[in-house]
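Trainee: the following comprises the amino acid sequence and a computationally predicted model.
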Amino acid sequence: MITGKMLRDAFISGANNIANKRQQVDALNVFPVPDGDTGTNMSMSASAAKRELQRVPDDAAVSQAADVCASALLRGARGNSGVILSLLFRGFSKGLKNKETADAGDIVTALEMGVHSAYKAVMKPTEGTILTVARVACEKAREQLTEQMDTPQIWDVILKAGQEALDQTPELLPVLKKAGVVDAGGQGLMVIFQGMKAVIDGEEIIQLVEKPSLESQSIRPDRNAAGEYEGEITFTYCTEFIILKEIEKADPDTLRSYLETIGDCVVVVDDDDVIKVHVHTDNPGNALQKALENGMLTNIKIENMREQFENQKASIVQPVSDQGFVYAPVDPSKEYGFVSVAAGDGVKQLFEDLGVDNIVSGGQTMNPSTDDILSAIHATPAKTVFVLPNNKNIIMAAEQATKLADRKVVVLHTRTIPQGMAAMLAFDHDADATENIVAMQRAYERVGTGQVTFAARDSEYDGHKIKEGELLALENGKLAFTERDLIKAVTRLTKALVNKESSFITLLYGEDVSEEQAQAVYEAVSAKIPEDVEVALISGGQPVYYFIISVE
C-alpha cells in the first residue's frame, strides 16, 4: 500500500532525480540551437511541486499528497514538457480522489487517468514523445496487473515498459532516429519515475546532488508575502488556503464578495474539487470562518506582511523578488488588456509602445511558468486579457493559466516576437473581442519571421550538416541554411522572406551584436531589397538570437 507520506516522498525523490540529471536530458534536444531546455523545464516544474509537498504532513492521505502535487505542478509548469508532466499528474490525482492509501490497482487506474488527461489536453498528440512513453507504460501495467501484485512490483512493470517505449521513440519520429537520440521529454519522465521507485521500494529519498542556482532553478523563487506589494501595506495579514468543496454548499462568488468587504487583493479560483483563496485582511479568522461554509480547509497559510516588510528593510541582503506583478481587480471600465512574453529590453519596450500592459520575462531557453503568466494576467485589470506567448514552447503554459484566472483570457498562438508585434498592431479598440481575435490571428499568420542564431553542437538536421558555432538561419521556424558570416546570413535570410506584398522590414539585433555590426547589417540588407520596402533597425537586446527579422 502507498500512503500519503510515501507518495509525497516518492515525488520529492523524483524531483531531485530530474534536477540531478537535467543537463543529460537537455543534451537530447534534437535541434542544435542553444535551447535544449527540456530537462531544465521538467526539473523546474517538478521543483515547484516539491516545495509544496514538503509542507504535506506525514499523516496525510494519499489523495491529499496527489492533489498538492498536481496543483503545484500546474502552476509551476514550464515549457511543453512541464505542462504535459503537470497534466499527467493532474489526471493521476483524480484517480486517487478520496483515497487514504493506494494499492497497485489504484496506481494503474490513476496513471491511466493521467494519460487520458494529457492526451485530451494536447491538440495534436505526437507519438514518439513523452505521451507515448506514459501511455505504453500504463497499458502494459494494466495488461500485467494481478490481484497478487504489490505496488513495487507494478512500478517495476511501469518502468520496464516505459523504458522500452522510450527506446522505440526514434522509430516513431524520424528526426530522433537521424539524430541518434531518444525523446527528451520521455527521458525526463523516466528519470522522475526512476527517482520515485527508490521510495516505493522502501529506500531513502534520492538526494539533490547539486543545488541548482537561483537563476536556473526559477525565475520566481518562493514568494515572500510582503514582496507582493509595492508601496503602503493596507492590510496586515496575507491569508491563503484551499477549500475542499462540498458541492451542495460551494458558492465561490458569495465568498469572493464577502472577502472584498474585509480586505483587498482577493483571488478566489474555483478549480474542480477545490477553491483556492488568497486575501489580504486584518481579520484572517473571519475569512476562514466564512470559507468553512463551503467545505473543509487545508493548506492554510497566514503571514504578517508588516513584520516581513520591516525585516526585509532591516536585512542587508534583500530577498530576490518575483517578476513584480501586483494583483489588480478587474476594472469594469477597462474592456481589454494585454500580456506578452518577451526577453531583451528593446523588445520589451516595443511591446510596451504597442500597448501591452504587463510583460513576462522569458522566451527561448527561459520559459516562464504557468504561475508567472497567471500573475501577469491578474495584474492586468481588464475584463478580457489577451496573452501573447511569442514562443511555441510557452503556448501550453499560457493555456493552462486561463483555467486558473479570475477573468476572461484569450491566448493567441503567437510563436515568434514578430508575430506578437503584428497581432498588437492589428488590434482595434472599437471592435469587439471576436472581431479582434480574428483580425489579430490573420495579422500574425501573415508576418514572416527570420531568426539568426548559432549551433550549440555538431549535428545533422533536416538534410543540413551543422558544425558547432556555425550561424543558423531559421525561416518561419525551419532551418533554411547555415552560414559563417553574419552579414551574409541576415541579408540572404531577409531576401528569402521578402515577396511582392512586403512593405516593411524590422531588424531586431540581440545583446551579443554591437551597434557597429548591426549598422553594417542594416546597410547590407537595405542595398539588397527593393527600394519601396522600408527597413527599420532596432536594438532588441534579446538573448540567443543575433537577429530577429520581421517582414510584413
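Mentor: Now that the structure is in, tell me what you want to look at. Since this is a predicted model, take the numbers as computed values, not measurements.
Trainee: in the stretch 251-400 of the chain, where is pLDDT below threshold?
Mentor: The stretch 251-400 of the chain contains residues with pLDDT under 70 at 271-272, 308-323, 364-365.
Trainee: how about the strands in it?
Mentor: 263-271, 274-281, 295-304, 336-342, 358-361, 384-388 (DSSP state E, counting those that start in this stretch).
Trainee: with just CA atoms, put the last one into PDB.
Mentor: Extracted in PDB, the C-alpha atoms of strand 384-388 (Å, rounded to 0.1, in the frame of the first residue of the first chain):
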ATOM      1  CA  THR A 384     -10.700  40.400 -21.300                       C
ATOM      2  CA  VAL A 385      -6.900  39.900 -21.300                       C
ATOM      3  CA  PHE A 386      -5.100  38.800 -24.400                       C
ATOM      4  CA  VAL A 387      -1.900  36.800 -23.900                       C
ATOM      5  CA  LEU A 388       0.900  36.700 -26.500                       C
END
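Trainee: angle of it against strand 336-342?
Mentor: Angle of strand 384-388 versus strand 336-342, following axes from the mean of the first three to the mean of the last three CA atoms, to 10 degrees, is 20 degrees.
Trainee: what's the longest helix in the protein?
Mentor: Longest helix in the chain, counting residues (DSSP state H): helix 151-172.
Trainee: what separation do you get for the residue nearest to the spatial centre of the chain and residue 444?
Mentor: Closest to where the C-alpha atoms of the chain average out (CA atoms, centre = their mean) is residue 78, at 2.6 Å. Residue 78 is 23 Å from residue 444, where distance means CB to CB, to the nearest Å. In this view, the C-beta of every residue, glycine as well, is placed from N, C-alpha and C.
Trainee: domain map for this protein?
Mentor: Per the record, the chain has its domains at 4-211, 232-310, 336-446, 448-551, by automatic domain parsing.
Trainee: weakest of those domains in terms of mean pLDDT?
Mentor: For the domains of the chain, mean pLDDT drops lowest on domain 232-310, to a mean of 81.
Trainee: who are the packing partners of the helix or strand hosting residue 442?
Mentor: Using DSSP states H and E, residue 442 maps to helix 433-446. Here helix 433-446 touches strand 384-388, strand 408-411, helix 417-426, going by 3 or more CB pairs under 8 Å, 6 or more residues apart in numbering; DSSP states H and E.
Trainee: what lies in contact with that helix?
Mentor: 336, 384, 386, 408, 410, 412-414, 419-420, 422-428, 431, 552 (CB atoms under 8 Å, 6 or more residues apart in numbering).
Trainee: try 7 Å
Mentor: 384, 410, 412, 414, 419, 422, 423, 425, 426, 427, 428, 431 (CB atoms under 7 Å, 6 or more residues apart in numbering).
Trainee: quick check: next helix or strand after it?
Mentor: strand 448-454.
Trainee: gap between that next one and the chain center?
Mentor: Centroid separation for strand 448-454 versus its chain: 23 Å, with CA atoms, centre = their mean, to the nearest Å.
Trainee: paired strands for it, with orientation please.
Mentor: Strand pairing for strand 448-454, determined by DSSP bridges: strand 471-475 (antiparallel), strand 547-551 (antiparallel).
Trainee: and that strand with helix 417-426, angle?
Mentor: Using the same axes, to 10 degrees: strand 448-454 against helix 417-426 is 150 degrees.
Trainee: what about the nearest residue to residue 67 once chain neighbours are set aside, which SS state?
Mentor: With CB to CB, 6 or more residues apart in numbering as the criterion, residue 67 has its nearest non-adjacent residue at 5.2 Å, and that residue is residue 93. When classified by DSSP: H, G, I helix; E, B strand; the rest coil, residue 93 comes out as helix.
Trainee: neighbours of the residue nearest to residue 300 when sequence neighbours are not counted, just the number please.
Mentor: Once flanking residues are discounted, residue 300 sits nearest to residue 241: 4.4 Å by CB to CB, 6+ apart. Look at residue 241: counted by other CB atoms under 10 Å, it has 19 neighbours.
Trainee: quick one: contacts for residue 89?
Mentor: 69, 70, 73, 114.
Trainee: repeat that for 6 Å
Mentor: Residue 89 sits next to 69, 70, 73 when contact means CB atoms under 6 Å, 6 or more residues apart in numbering.
Trainee: residue 298 is in contact with the residue nearest to residue 300, correct?
Mentor: No - contact criterion CB atoms under 6 Å: residue 241 and residue 298 do not qualify, at 7.1 Å.
Trainee: pLDDT value on residue 214, please?
Mentor: pLDDT, residue 214: 35.
Trainee: distance check, residue 148 against residue 105.
Mentor: Residue 148 sits 11 Å away from residue 105, going by CB to CB.
Trainee: which one of these two has more residues nearby?
Mentor: Neighbour comparison, residue 148 and residue 105: the larger count goes to residue 105, with 16 against 7 (by other CB under 10 Å).
Trainee: chain neighbours aside, what residue packs nearest to that one?
Mentor: Closest residue in space to residue 105, ignoring its immediate chain neighbours: residue 145 at 6.2 Å, by CB to CB, 6+ apart.
Trainee: thought the one you found was touching residue 108?
Mentor: Yes - between residue 145 and residue 108 there is a contact under CB under 6 Å: 5.4 Å.
Trainee: tell me which of these two has more neighbours.
Mentor: Neighbour count, other CB under 10 Å: between residue 145 and residue 108, residue 108 has more, with 26 against 17.
Trainee: on that earlier part again, check the secondary structure at the residue nearest to residue 300 for me.
Mentor: Using three-state DSSP, the structure places residue 241 in strand.
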